[in-house]
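# take this sequence and fold it.
(chains A and B)
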Amino acid sequence: NAGVTQTPKFQVLKTGQSMTLQCAQDMNHEYMSWYRQDPGMGLRLIHYSVGAGITDQGEVPNGYNVSRSTTEDFPLRLLSAAPSQTSVYFCASSRETANYGYTFGSGTRLTVV
Amino acid sequence: GENVEQHPSTLSVQEGDSAVIKCTYSDSASNYFPWYKQELGKGPQLIIDIRSNVGEKKDQRIAVTLNKTAKHFSLHITETQPEDSAVYFCAARFRSGGSNYKLTFGKGTLLTVNP
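Predicted coordinates:
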């Protein structure tokens, strides 16, 4: 099994550009989430989904959109990139709503200039 | 609100010594507490977890203890080795509305094991 796959691994954007970070899992997990990791701030929840068609906001949702049309995929969209969105982004999935250990992807390092 | 405090932020030990990382959480209803290890350039990986109906859990050199009354839990690594060097995150499960839950993470501890 591939687990959780994130693409791309690295991305540089100009301020104002939009892009989509891809996340796919092949474990039939219901629960998926996006975190951003910044130095000294730990992992902060952006958005999460408890199943196909259901999404909700986390701690830092502004500037990001998500959708969950299938169980496998949970893309994160940056609407108009800002330098404050420079970060490492992790997608994670779990068997049940946060009641089991998450499986994390390997991350996307995003730089907004 | 949901909060997880993790201490220390950095920890340096000699190979073979023990390492202890402590976390406190804000919601007494939290019932699931995982620990993650993150090596440089990689995503966090689950190393051990504990549920609120258990006070202690061990897996070889790693153990986690939970004190529900004091709302804190700790990671214990014995006989540390250089490959234990990494950033460690604790987390707690909080209700996020209705029947939904989420994990909130501590800010991490950078553990360095010196040969």
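# need the residue closest to the centroid of the chain.
I went with chain A, as the question did not name one. A:Trp34 (3.0 Å; C-alpha atoms, centre = their mean).
# hm, I was asking about chain B
B:Cys90 (3.2 Å).
# so that one is in which element?
Assessed by DSSP states H and E, B:Cys90 sits inside strand B:86-97.
# which residues of chain A lie near chain B?
Within reach of chain B by C-beta under 8 Å from any C-beta of the partner chain, chain A has these residues: A:4, A:33, A:35, A:40-45, A:48, A:50, A:56, A:58-59, A:90, A:92, A:97-99, A:101-107. (C-beta placed from N, C-alpha, C; glycine too.)
# tell me the contacts of the residue nearest to A:His29 when sequence neighbours are not counted?
Spatial nearest neighbour of A:His29, excluding adjacent residues (C-beta to C-beta, 6 or more residues apart in numbering or on different chains): A:Ser93 at 3.9 Å. If you count contacts by C-beta atoms under 8 Å, 6 or more residues apart in numbering or on different chains, A:Ser93 has them with A:Val4, A:Gln25, A:Met27, A:His29, A:Tyr31, A:Met32, A:Ser33, A:Phe74, A:Tyr102, A:Thr103.
# if we use 10 Å, what do you get?
By C-beta atoms under 10 Å, 6 or more residues apart in numbering or on different chains, the contact set of A:Ser93 is A:3-4, A:23-33, A:49, A:71-72, A:74, A:100, A:102-105.
# report the separation between it and B:Asn53.
Separation of A:Ser93 from B:Asn53 (C-beta to C-beta, to the nearest Å) stands at 25 Å.
# A:Arg36 now?
Applying C-beta to C-beta, the value for A:Arg36 to B:Asn53 is 32 Å.
# next one: A:Thr71
A:Thr71 is 30 Å from B:Asn53, where distance means C-beta to C-beta.
# who has more neighbours out of those two?
When A:Thr71 and B:Asn53 are compared for neighbours, A:Thr71 comes out ahead with 18 against 8, by other C-beta atoms under 10 Å in any protein chain shown.
# pLDDT weak spots in chain A?
In the predicted model, chain A carries pLDDT under 70 at residues A:1, A:98.
# now do the lowest-mean-pLDDT helix or strand in chain B: which elements does it pack against?
One helix or strand of chain B scores below all others by mean pLDDT, DSSP states H and E: strand B:100-105, with a mean of 86. Applying 3 or more C-beta pairs under 10 Å, 6 or more residues apart in numbering or on different chains; DSSP states H and E, we find strand B:100-105 packed against strand A:31-38, strand A:42-51, strand A:54-57, strand A:87-94, strand B:4-7, strand B:32-38, strand B:86-97.
# which one of those strands lies nearest to B:Ser18?
Proximity to B:Ser18 (C-beta to C-beta) singles out strand B:86-97 among these, at 13.8 Å.
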